[in-house]
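**Q** Structure of the sequence below:
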Amino acid sequence: MSGPFRPDRLVHFANQLASGNLVFFIGAGFSRDSEKNTTDRLMRRLAARVIGICRTLSTGPRGMEADQLLATFKSVHSLKEIEEVSADFVGELARNYYPVNDWCVSALADLAEILYDIGTPALMSDIAATEARLLEKIGTQPGQRVKDPLAADPVPLRAIDLNGLRKLLENPGKIADGKITVGKILFLEAMGFSCQEMMSGELSLAGRKAVAQSFRNRLRRRHHVLARLAREGLSPILLTTNFDLLIEGAYRLAGFQEWGAPNATTAEDDEPPTRHPYFARIAMASHFFEKRDGGRVASIVKIHGCADAFRSARGSNSTTELPAMLRSIVFTYREVQNWRQDSWSRDLVYTLLRTRAVAFCGYSTADPVLHDTVRNTYEEMAQRAKPTFPGAQGEEAPAFFFAPAGSKEFHGLEVLRAASRAVGVENPKLIDHPNYLGFNRSDRPELADLDESFAWIFHAVFRRRQIQAVRAELGSVVSLLLGHPAPSRLLRKVEDDLERLWDVEQAAAEQWPAHPSGRKAFADTVAWTEHFHPALLRDMAITQRIAWQGRPLIAFDDLRDGHWYYPANENFGWTAWGAVMELAVRHLVAELSDMPDQWAKLSLSSGNTPPRLAPLTNDTMPALAVTSGAAGPLPVRLELSLGRFHRPGMRASAFALPASTVRWSSDAITLPWISAATLGPAARDLWNWAAGNAHPLTKRAKTHKDWIDCLRNPQ
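**A** Residues are numbered from 1 along each chain as shown. Coordinates of the predicted model:
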C-alpha cells in the first residue's frame, strides 16, 4: 500500500501505546497550525524588536552605541544589509535560530540599560511605532530564494514597560543577573510569551467552558486524543519542548484538574470521580515527588520551559522566582548546551529512551543537542544488544517518528535506525522505516492528516480496550443484568463478533485512501470511539453520580460539552456493555436493512450509498443515525440514554437531518442498562440481539420485530 495513510502501521503504534510502554515526545510542529508560531514568525518579531529599538535610539544621545549593536547584529550572523528586510532576511535568522537568540538576549540587555538611563514616555512611544512599522514590513517583500512573501503578522508587539524595566534594574543586588534577566524578559515578550494572541489559554479560570473559550478554537483533535490517552492511564508521562499551553488545555477540558491549582469549583467537585484526576506540569526534579498523589497524576514534562510559568512569575513581586523561572526556559544556544551538561530533564530523557518506546510527534530531532542525546543513548544500547530480530526491518524499534507526507527527514530516519540497532535489528531500512509514520497536511484533500491519524490511533486503542473488557467483565455484567449466568458460548460469540468487527474495519481502512468515499467511511468508523462510546460512558457516569448525590449536578452542562471524558478502563463492565449495545444495534439495523450478514459493514459508505448506521458526531448524547438505505427516508435519530435527565433543547440545530427521534431510555437507574423494558428495549433484548439469540419461534423474536418496526416507522 502506498501513500502517507498506513493504517496497519498506525495500529502497530496503537498496540505499543495500549501496552503502556510508550512515551510521547511533542515538538513545535505538533501545534504549528494552531498557534502558527513558526520559526520565521518568531524571528521576524525578534528582529523588529532589536532593530526597532536600535533605529529609534540612533538619533539620540546614545545613538552610537545603538548603531554599533545594529552593525554587530549584521556582522555576527553574516547577514546582508539590515535594510533588506525581505523574507530571505528572516530565513537567514531562522537558519541560525539558537545563536541569534543568544546574541539578541545580550543585545536587549544592553539596550535595556540605555533605556533605563534616557528612556522617556515619548521615546518609548517612538520605539513602539518603529517596531510596528518594521513588523509590518519585515519579510513581506519576496526574496531571491523565497517565492512567496511571509504573511503579515496580525499580532503587534507589546510595548515595553519602562517603569517595570526600571524596577528590575534599580536593585540588581536583589535580582540575580539583573541585566541579563531584563534582556531575557524583553526577548520572551517579543516571542509572545505574555500574549494570549500568540500563546493562548488561561488554565486558572474556573469552569471548563471559560477555559475552552480562552483557547480561541486552537485545540485540535490530536490534543484531545492525547488528553484521552492520559485519562486512560496510557500516557502517565509526556515530554514536550513546547512553551504553549495547548496540551494542558486539552487535559483540563478532558476532566483533569491541575495539581495544586486553586481553580476547582463546586461544579467541578460534582464531576464523577476517576482514577487519574490530576495533571501536573513538571519543571524540576522535585516536582515528581511533590505532585504524585499515589500515582494518580499525569505528568507533562516541559523540558524547555512554559509560557504560563513566565506569566505567573512576571506578575509576582518575588525577586527570586523570576530569575529562577527564566533559567528554566531554554531558548538560546548556551541554554541548549547547558541542558545537556547539568539538566535533570536530560537524565529523565536518558532513562525513558532506555526503558520505553518514544514517539516523536512534531519534533524533527534536528536539534543537535537532543539529537546527540537520543543517538548516543541508542548507540550505547546497541553495543550490548544481541541480534534479536534477524531479518527484521525495524518494526521492533523502540521509537516512532511522525512526519509530513513526501518528506524523508534525515534526523528522524537516523534516530529510527539507531533505535532498531539498540534492540538487535542488524540491518534496519535506510529509507522506508516501518516506524516512520507519514501524514498529509490539513489543507490537502487526501486521507489522512495528523488529526485523522491520531483519531485512527485512538480508535485502535479503544477497540483493544473493548475486547479486553469483554474478556474480563462481560460474564459478570450480563449475569447481573439478566439475573443468571450467560452461556459461555454466547460470551465467546460476542467476543468473536467484536474482534471480527475490528478486523472488518482494518481491512476497509486499507482501501480508504484510494476510494472516493474513503474519508467519509473513515469519519463514520472512528465516530464510534470518538463520539458514541465516550458519550455512552459519560452518560453512565453522570447517571451514577446523580444517583449517589440525590440531586442534579451543577456541572451538568459542562460535562455534556463533548470534551469531558470518562475513561474506558475506569469501569470495564460499562465498557463491555457498551460493546454489547453497539453489536446489538448493528444486528438490529442489519435486519432492518434486509442484510443481516452485513452487520459489521453498516458504517462503511459505498459510493453514493450512505451508511445504514452512523454515530452523530455533533450530538451531546450517545446517538446514531439509522437508515434503511439510499432509497429509504431520512435517517432516524436513535438515542441511547440513561436516566431521562437530559434537558429539553440540548440537541443542536445540526440534528435536523434525521426525520425523527427514537429514544431508548428509562427512569430506572440500573447500570449499565435497564433491567426491565420501559421506554426502550430491556437489557435482555440487547443481549439477545448482540448474541444472536433471538430465535424466530421465541417470544423474544416478537420484541425484536417490534423494535425493527419502530425504527422503520417511528412515531
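**Q** any idea how far the residue most central in space within the chain is from residue 117?
**A** Closest to where the C-alpha atoms of the chain average out (Cα atoms, centre = their mean) is residue 223, at 1.5 Å. To residue 117, residue 223 is 46 Å away according to Cβ to Cβ, to the nearest Å. Every C-beta, even on glycine, is put in place using the N, C-alpha and C of the backbone.
**Q** Backbone torsions only: list them for residue 429.
**A** phi -60, psi 140 (degrees, to the nearest 10).
**Q** no wait, residue 120
**A** phi -140, psi 160.
**Q** ok, now residue 27?
**A** Dihedral angles for residue 27 - degrees, to the nearest 10 - are phi -110, psi -180.
**Q** pLDDT at it, what is it?
**A** pLDDT, residue 27: 94.
**Q** Settle this for me: it is touching residue 243, isn't it.
**A** No - counting by Cβ atoms under 8 Å, residue 243 is not a contact partner of residue 27; they are 11.4 Å apart.
**Q** Could you list the buried residues of stretch 438-447?
**A** 438, 439, 440, 447 (16 or more other Cβ atoms under 10 Å).
**Q** Those residues in strands, which ones?
**A** 438, 439 (DSSP state E).
**Q** Go through the buried residues of stretch 438-447 and name the one nearest residue 283.
**A** When the buried residues of stretch 438-447 are compared for distance to residue 283 (Cβ to Cβ), residue 439 wins out at 30.4 Å.
**Q** What's opposite the closest one in the beta bridge?
**A** Beta-bridge partners for residue 439, by DSSP bridges, are residue 404.
**Q** residues contacting it?
**A** Each residue near residue 439 by Cβ atoms under 8 Å, 6 or more residues apart in numbering is listed here: 4, 5, 402, 403, 404, 405, 448, 449, 450, 452, 453.
**Q** Buried ones among those residues?
**A** Neighbour counting over those (16+ other Cβ under 10 Å) leaves 4, 5, 402, 403, 448, 449, 450, 452, 453 as the buried ones.
**Q** What is the neighbour count of residue 151?
**A** When neighbours are counted by other Cβ atoms under 10 Å, residue 151 registers 11.
**Q** Show the pLDDT at it.
**A** Reading off the model, residue 151 has pLDDT 72.
**Q** about what we covered before: of the buried ones among the contacts of residue 439, the lowest pLDDT goes to which?
**A** Lowest pLDDT within the buried ones among the contacts of residue 439 is found at residue 4 (81).
**Q** so that residue is in which element?
**A** In this assignment (DSSP states H and E), residue 4 forms part of neither any helix nor any strand.
**Q** which residues touch it?
**A** By Cβ under 8 Å, 6+ apart, residue 4 lies in contact with 405, 406, 438, 439, 440, 446, 448.
**Q** name the helices or strands packed onto the helix or strand hosting residue 688?
**A** For residue 688, the host element (DSSP H and E) is helix 683-691. Using 3 or more Cβ pairs under 8 Å, 6 or more residues apart in numbering; DSSP states H and E, the elements in contact with helix 683-691 are helix 450-482, helix 488-511, helix 572-592, helix 699-712.
**Q** Out of those helices, which is the most enclosed?
**A** Most buried of the helices and strands packed on helix 683-691, by mean neighbour count (mean count of other Cβ atoms under 10 Å): helix 572-592, with a mean of 24.
**Q** Let me know the next secondary structure element after it.
**A** The element immediately downstream of helix 572-592 (helix or strand, assigned by DSSP H and E) is strand 613-615.
**Q** so what strands line up beside that next one?
**A** Here strand 613-615 is paired, per DSSP bridges, with strand 623-626 (antiparallel).
**Q** is it true that residue 584 touches residue 684?
**A** No - at 10.9 Å, residue 584 does not count as touching residue 684 under the criterion of Cβ under 8 Å.
**Q** sec struct for residue 292, please.
**A** Secondary structure, DSSP: H, G, I helix; E, B strand; the rest coil: residue 292 is coil.
**Q** distance of it from residue 309?
**A** Using Cβ to Cβ, one gets 20 Å for the distance from residue 292 to residue 309.
**Q** Compare these two and say which is more crowded by neighbours.
**A** Here residue 292 and residue 309 are set side by side on neighbour count (other Cβ under 10 Å), and the busier one is residue 309, at 20 against 14.
**Q** I appreciate the help and will end here.
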